[in-house]
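Visitor: Provide a 3D model corresponding to the input given below.
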Amino acid sequence: MRYLVTRHDLHQFIECCMTAVGARSCHGAALADVLVEGDYRGHYSHGLNRLDMYVKDLKTGICAKDGDPTIVKCTAATALVNGNNLIGPVVGNFCMDLAIKKAKQVGIGWVSAYGSNHFGIAGFYSMQALKCGLIGMSCTNTSPLVVPTRGKECTLGTNPISVAAPAMDGDSFVLDMATSAVALGKIEVQQRREEKVPVGWGCDPDGKDTTDPAKILRGGGLLPLGGNEATSGYKGYGLSMMVEMFCGILAGGHYSKNVRRWKETDSVADLGQSFFALDPECFAPGFQLRMSDLLKLHRNQEPNSMARELGVEPLSTTRTIDS
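Guide: Modelled structure (predicted):
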């Protein structure tokens with residue numbers, strides 16, 4: 001059964017749950033902002049669906065309930081931040097604010113963090129740059145859930161990446177995607193609905209393609225973006241490695257199999273994350289005008305025959321591309 005809940009009520013519920021397990025009020029509000037935005041934008045795998053994980057992390061004490069991130073190293077354009085094991089949204093907001101501040105001052109800001117935790121949808125942070133007319137990017141490593149091409153063991157995370165770019169009149173391009181075929185939450189949702197998943201989403205414990213979400217979640221794993229090798233899954237594998245390099249490796253946090261298993265609370269996550277802001281005015285003038293034209297070129301495409309038969313709009317007419 002599905003219910004319609006107002007943004008305000010959902011936000012308040014999340015805040016209350018977090019403060020009930022000892023989180024600072026502002027930290028609970030930061031998490032609520034991200035989870036509500038996730039559901040509102042259609043990322044149901046990363047909205048209220050994830051609240052139990054944050055509550056468990058605080059309740060068990062494996063995640064810090066109080067404190068603030070700290071800057072460990074800093075230059076005019078870069079910074080390394082210790083998240084001090086706080087919940088991801090608190091670390092993410094701190095880092096993105098810092099990256100934006102640097103971009104306003106010197107044209108570019110890159111901030112990497114270690115000692116962080118799950119931060120919700122990556123697009124929540126990249127989109128913060130849009131308010132300042134900047135290009136934003138965010139990415140994070142995650143628990144090992146993805147089986148690399150030709151492998152059978154989970155050694156990479158879903159490792160999402162998001163890029164947001166401003167266009168004219170408040171319009172924008174926002175990419176928010178996992179580097180796996182789908183986010184783990186989509187497999188979980190299908191399992192709860194007792195529905196199969198498409199071929200190419202995941203594999204069983206032997207590394208073979210499967211449509212059974214239970215086999216993917218119990219000993220199997222997700223496939224990289226693109227699916228198996230025949231459908232170019234190695235490209236998603238490469239993108240996932242790139243995110244790992246920007247996050248766990250660059251920031252000095254845990255990486256690959258060193259990150260704790262998904263939803264386990266026997267050790268700290270110590271995730272690595274990176275946040276980037278760029279002022280397009282440092283380059284050729286008219287960026288937003290050209291960005292609007294690029295969006296128009298794709299939104300005005302005539303739907304193909306399959307889209308017409310299904311009665312859906314082309315993907316190019318939407319603002320956000322997500323996985």
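
Visitor: how about Gly151, secondary structure?
Guide: Under DSSP: H, G, I helix; E, B strand; the rest coil, the three-state class of Gly151 is coil.

Visitor: that one: how many residues sit nearby?
Guide: When counting by other C-beta atoms under 10 Å, one arrives at 15 neighbours for Gly151. Bear in mind the C-beta positions are built from the backbone N, C-alpha and C, glycine included.

Visitor: what are the phi and psi values for it?
Guide: The phi and psi values for Gly151, taken as degrees, to the nearest 10, are phi -100, psi 180.

Visitor: now it: how far from Phe94?
Guide: According to C-beta to C-beta, to the nearest Å, Gly151 stands 35 Å off from Phe94.

Visitor: please apply the same query to Lys196.
Guide: For Lys196, the distance to Phe94 (C-beta to C-beta) stands at 41 Å.

Visitor: same check, this time on Leu86
Guide: Distance, Leu86 to Phe94, using C-beta to C-beta: 9 Å.

Visitor: if you count surrounding residues, which of those two has more?
Guide: Taking neighbours as other C-beta under 10 Å, Leu86 and Phe94 compare with Leu86 leading, 26 against 22.

Visitor: the more buried one contacts Cys63, doesn't it?
Guide: Yes. In this structure, Leu86 is within contact of Cys63 by C-beta atoms under 8 Å, at 7.3 Å.

Visitor: may I ask which helix or strand encompasses the closest residue in space to Gly252 that isn't next to it in sequence?
Guide: Sequence neighbours aside, Tyr114 is the residue nearest to Gly252 in space, at 5.1 Å (criterion: C-beta to C-beta, 6 or more residues apart in numbering). In the assignment (DSSP states H and E), Tyr114 maps to strand 108-116.

Visitor: got the contact list for the following helix or strand past that strand?
Guide: The helix or strand immediately downstream of strand 108-116 is helix 123-126, counting by DSSP H and E. By C-beta atoms under 8 Å, 6 or more residues apart in numbering, the surrounding residues in contact with helix 123-126 are 33-34, 37-38, 41, 43, 89, 92-93, 95-96, 119, 136-138, 162-164, 174-176, 275, 320, 322.

Visitor: restricted to helices, list those.
Guide: If you go by DSSP state H, those have 33-34, 37-38, 89, 92-93, 95-96 in helices.

Visitor: what about Lys196, distance to Val259?
Guide: Distance from Lys196 to Val259, by C-beta to C-beta: 29 Å.

Visitor: do Tyr3 as well
Guide: 34 Å.

Visitor: please identify which of the two sits among more neighbours.
Guide: Val259 (23 against 4).

Visitor: right, and the more buried one touches Ser267 too?
Guide: No. Between Val259 and Ser267 there is no contact under C-beta under 8 Å: 9.4 Å.

Visitor: once you drop chain neighbours, what's closest to the residue nearest the centre of the chain?
Guide: Nearest to the geometric centre of the chain sits Ala122, at 3.2 Å (C-alpha atoms, centre = their mean). Distance criterion C-beta to C-beta, 6+ apart; nearest residue to Ala122, sequence neighbours excluded, is Ser162 at 3.7 Å.

Visitor: again, but for Ala99
Guide: Gly109 (3.7 Å).

Visitor: for the one you found, what are its contacts?
Guide: Gly109 makes contact with 77-79, 98-103, 275-278 under the criterion C-beta under 8 Å, 6+ apart.

Visitor: what's the closest of the residues you listed to Leu289?
Guide: Nearest to Leu289 among the contacts of Gly109, counting by C-beta to C-beta, is Leu278 at 17.3 Å.

Visitor: next up, the contacts around that closest one.
Guide: Neighbour list for Leu278: 103, 107-109, 129, 134-137 [criterion: C-beta under 8 Å, 6+ apart].

Visitor: which of those count as buried?
Guide: Among those, those buried by neighbour count (16 or more other C-beta atoms under 10 Å) are 103, 107-109, 129, 134-137.
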